[in-house]
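In: Sequence first, then the predicted structure, then my questions.
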Amino acid sequence: TCEINATVKGAGGILGQSGYNIFMSKIAMNGKVVGGSNVGAFIGTVSSGASLEIKSSYTSADLYAQGVTDRNLGSNSANVYVIKKQGTVDAVATQLTVEQMKGEAAKENMTGLSFRYVWETVENDFPVYNPKDGVWDGSVVSSYDDFEGSGTEEDPYLIENGAQLAFATSKNSNLADASHYKLVKDIVLNDTSYDGWEADARGWLWNDKARFNGELDGDGYTIEGLYWNTKSNGRLGLFAYIGKLDSGNTHVATVKNIKFVGASINNPGAKSSSLEGAAVVAGQASGETVFENIYIDETSAVNAPNIKGVAGIVGRGYNEGKKAHVTIKNCAVLATITGGEHVGAFTGTFWDTKVVITAENSFANTTYGLLGANSGTTVMTNTYTTTVGSYDTGAVQVDADKMIGEAAKENMPALDYICTWEIVDGDFPVLRKGGIEAWDGSVATELEGEGTKENPYKVSNGAELYYMVSAFSNVAYDKAPENTPYFEIT
């Protein structure tokens, strides 16, 4: 119902004219714009020295995306939808009909808009702007006081949003700090549900002073949309650095139980020693580090075509001649990985004879090997890959189609499909959320419950099962059936 009616040069639905650089995002213009010349649904006139960048927007007005015939939409413009284009001026915009923009058809035709967090379809009408909470806003909490928990193994700091995750990974510069963190929700750093989401993406935080030496337990939750795009920094990943080089360090830096979805790590820079290291989890590792139950899905990618040390889990090792041990256990890397030198699905460049890399019960679908380079010791058990590299001693080659569905059990038989991995029809195995712990041989001393029909004894693990069998099997309940205990396997 809005209307702009001005017989002047430079009439626009959002902005009439400007001599400055313009950025617009998440704009909808469905009103009517009438002007003398240089008329646009979004903006009328932009001076020749200025730039115009529009993202994730649409207009159903009977106009073009911008009304200046000698100014094109900037090359960074993306996901712009219009019903009329003006030659090359709106070259990056997508032209649709009114019907294609209405109702559920909008989702099918405007695939570069987020209908998950930003836009909402309306029956027989155009999408409306209806933003929802849930995506990281780029903020960082200021201190440990912004967490529930105390940071101990028994009472870890609880992470329920991107601001807390950013603090844990980029603000902790105290190497003596071995704090424990635990995800309690899926974390959405960027919404990856729509095409071209990277055009709107918020980059992750980089701090070369932050060296994580604690534990991050994902508890089976997902981190979605981790994004990097820089030519200036090396050691890219969720963590820039992980682990500590110190003979007196007794901490084992650990990242476990996390699924990464839609991670996009990009470094298009030239080859340089200062830019080495790019991966999804950690740009660089030192000392004793463990990566356990990590799943990097096929929608993720690491793209650093000229960089040394590119991988899915750890980009590079830095050990200065000191002993170091990297353990990769129950991990899967399905991401697309492109690098310049020392490229691997698990690790990139580890060029020190005192490094030990252990990989077990893991697999990868990769055009490279598992390890980009390791001049130290490699120990691989029950580990499978579509491509065996020069440093993958002990790995077993399996074609990708033989890793899918029930075929995975036949061709990757040493993986634990009871406690750790779950078969998926038509896809690669996935980690069981939370996992199932195998019995460690211990024996419980009591059971929860009263043993009555109404409140039976609860048996939740092997230790309790052993106790049940050993403690109750020799009692003559046939002589006193009213005392027969009840049990429940939970």
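Out: Received the coordinates, thanks. Because the structure is a prediction, the values reported are computed rather than measured.

In: Each with direction, which strands does the helix or strand hosting Y241 pair with?
Out: Assigned by DSSP states H and E, Y241 falls within strand 239-242. Strand 239-242 pairs in its sheet with strand 211-212 (parallel), strand 282-285 (parallel), by DSSP bridges.

In: Could you point out which of those sits nearest S56?
Out: For these, the distance to S56 is smallest for strand 282-285, at 29.3 Å, taking Cβ to Cβ. From N, CA and C alone the C-beta is placed, and that goes for glycine too.

In: continuing past that closest one, what's the next helix or strand?
Out: Defined by DSSP H and E, the subsequent element after strand 282-285 is strand 288-296.

In: after that following strand, next one along is what?
Out: Per DSSP H and E, the first helix or strand lying C-terminal to strand 288-296 is strand 301-311.

In: List the buried residues of that following strand.
Out: A301, V302, N303, A304, N306, I307, K308, G309, V310, A311 (16 or more other Cβ atoms under 10 Å).

In: Please apply the same query to stretch 282-302.
Out: Residues 282-297, 299-302 are the ones in stretch 282-302 that count as buried (16+ other Cβ under 10 Å).

In: now do stretch 103-118
Out: For stretch 103-118, using 16+ other Cβ under 10 Å, the buried residues are G103, A106, N109, M110, G112, L113, S114, F115, Y117, V118.

In: Distance across it, terminal residue to terminal residue?
Out: This stretch, stretch 103-118, spans 15 Å end to end (Cα to Cα, to the nearest Å).

In: again, but for stretch 73-80
Out: Stretch 73-80: ends 10 Å apart by Cα to Cα.

In: what comes up buried for it?
Out: Burial within stretch 73-80, assessed by neighbour count using 16+ other Cβ under 10 Å, is assigned to L73, G74, S77, A78, N79, V80.

In: Just say helix, strand or coil for the second one.
Out: Each residue gets one of three states, and G74 gets coil by DSSP: H, G, I helix; E, B strand; the rest coil.

In: residues in contact with it?
Out: The neighbours of G74, taking Cβ atoms under 8 Å, 6 or more residues apart in numbering as the test, are S51, L52, E53, I54.

In: redo that, cut-off 7 Å
Out: Applying Cβ atoms under 7 Å, 6 or more residues apart in numbering, we find G74 in contact with S51, L52, E53.

In: what are the phi and psi angles of A105?
Out: Per-residue torsions, A105: phi -60, psi -30 (degrees, to the nearest 10).

In: Could you do G220 as well?
Out: Dihedral pair for G220: phi 90, psi 0, per degrees, to the nearest 10.

In: ok, now how distant is it from Y295?
Out: Going from G220 to Y295 by Cβ to Cβ, to the nearest Å gives 10 Å.

In: Determine how far the top helix by length along the chain lies from the middle of the whole chain.
Out: Using DSSP state H to define each element, the chain has its longest helix at helix 462-472. Centre-to-centre, helix 462-472 and its host chain are 41 Å apart (Cα atoms, centre = their mean, to the nearest Å).

In: Tell me the helices and strands packed up against it.
Out: strand 457-459 (3 or more Cβ pairs under 7 Å, 6 or more residues apart in numbering; DSSP states H and E).

In: Pull out the buried positions in the strand it packs on.
Out: Y457, V459.

In: Contacts for that strand, please.
Out: L447, E448, G449, G451, L465, M468, P485, Y486, F487, E488, I489, T490.

In: what is the mean pLDDT for that strand?
Out: For strand 457-459, mean pLDDT rounds to 92.

In: cool, and stretch 216-235?
Out: Averaging pLDDT residue by residue across stretch 216-235 gives 94.

In: immediately after the longest helix of the chain, which helix or strand?
Out: strand 487-489.

In: which residues of the stretch 101-250 of the chain score low on pLDDT?
Out: Along the stretch 101-250 of the chain, segments meeting pLDDT under 70 span 172-177, 246-250.

In: just so I have it, where are all the strands in it?
Out: Counting by DSSP state E, counting those that start in this stretch, the stretch 101-250 of the chain has strands at residues 119-122, 125-129, 157-159, 180-183, 187-188, 211-212, 215-217, 222-224, 227-229, 239-242.

In: looking at the ones you listed, which is buried most?
Out: strand 239-242 (a mean of 27; mean count of other Cβ atoms under 10 Å).

In: Check which element follows that one along the chain.
Out: With elements assigned by DSSP H and E, the helix or strand that comes after strand 239-242 is strand 253-261.

In: what does that next one contact?
Out: Contacts for strand 253-261 (Cβ under 7 Å, 6+ apart): 192, 212-220, 222-224, 226, 242-243, 280-281, 287-297, 299-300, 431.

In: Stretch 96-109 too?
Out: Residues from elsewhere that reach stretch 96-109 (Cβ under 7 Å, 6+ apart): Y58, S60, Y81, I83, M110, F115, T121, E123, N124, D125, F126, P127.

In: The same query, at a cut-off of 8 Å, please.
Out: Counting by Cβ under 8 Å, 6+ apart, 58, 60, 81-83, 110, 113, 115, 119, 121-127 sit against stretch 96-109.

In: just the residues you listed now: which is nearest T338?
Out: Out of the contacts of stretch 96-109, the member with the shortest distance to T338 (by Cβ to Cβ) is L113, at 28.3 Å.

In: list the contacts for that closest one?
Out: L113 sits next to S56, Y58, N79, Y81, A106, W119, P127, Y194 when contact means Cβ under 8 Å, 6+ apart.

In: Generate TSV for those residues, with distance to D352 as supplementary columns.
Out: Converted to TSV, the contacts of L113 look like this (distance: Cβ to Cβ, whole Å):
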residue	distance to D352
S56	46
Y58	54
N79	45
Y81	52
A106	55
W119	51
P127	55
Y194	43
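
In: Of all pairs in the buried residues of strand 301-311, which one is the farthest apart?
Out: Spanning the widest gap among these are A301 and K308, at 18.1 Å by Cβ to Cβ.

In: where do the strands sit along the stretch 301-450 of the chain?
Out: With strands called from DSSP E, counting those that start in this stretch, the stretch 301-450 of the chain shows them at 301-311, 314-317, 324-329, 332-333, 336-350, 355-364, 369-374, 377-385, 396-397, 421-422, 430-431.

In: Go ahead and measure how far the fourth one is from the middle of the chain.
Out: To tie it back to what came earlier, the one meant is strand 332-333. In terms of Cα atoms, centre = their mean, the centre of strand 332-333 is found 13 Å from the chain centre.

In: what pairs with it, and is each one parallel or antiparallel?
Out: Sheet pairing for strand 332-333, assigned by DSSP bridges, gives strand 288-296 (parallel), strand 355-364 (parallel).
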